[in-house]
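Chemist: For reference, the sequence and a predicted model appear below.
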Amino acid sequence: MIASGRIQEDASGLITLTPAGQEVITKLTEARIALLNQKLEGWSPEQHAVLVQMLRELADNSMDAPGRVMSL
């Protein structure tokens, strides 16, 4: 991962994402959200507020990308 430029390690051993790594996470998160939206096509989110919230949390947490919101 370091050699690919997606993560970096500092002198203390802390490993973090590089901008390229963050881009991969963003793309994976967007793909996950798109898949969830596709699977839920045709249903009414207004009738299932609890499910909408759970799906948003699932999408956010599945790639450890808090703050991303599904388009429901």
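Modeler: Cool, got the structure.

Chemist: Look through this protein and tell me its longest helix.
Modeler: Using DSSP state H, we find that the single longest helix of the chain is helix 19-39.

Chemist: gap between that helix and the chain center?
Modeler: Mean-position distance between helix 19-39 and its chain equals 5 Å (C-alpha atoms, centre = their mean, to the nearest Å).

Chemist: Could you list every helix and strand that that helix packs against?
Modeler: The helices and strands touching helix 19-39, judged by 3 or more C-beta pairs under 8 Å, 6 or more residues apart in numbering; DSSP states H and E, are helix 49-62. C-beta here means a position set from N, CA and C on the backbone, and glycine is covered the same way.

Chemist: Need phi/psi at L40.
Modeler: The phi/psi pair for L40 (degrees, to the nearest 10) reads phi -100, psi 10.

Chemist: my read: it touches L55, true?
Modeler: Yes. Counting by C-beta atoms under 8 Å, L55 is a contact partner of L40 at 7.4 Å.

Chemist: Between these two, which has more neighbouring residues?
Modeler: Neighbours per residue (other C-beta atoms under 10 Å) separate L40 from L55, with L55 holding more: 19 against 16.

Chemist: and Q8, which of the three is it?
Modeler: strand (DSSP: H, G, I helix; E, B strand; the rest coil).

Chemist: Not counting its neighbours along the chain, what's nearest it?
Modeler: Distances taken as C-beta to C-beta, 6 or more residues apart in numbering put T18 closest to Q8, at 5.3 Å, once the chain neighbours are dropped.

Chemist: can I assume the one you found is in contact with D10?
Modeler: No. T18 is not in contact with D10 according to C-beta under 8 Å; the separation is 11.8 Å.
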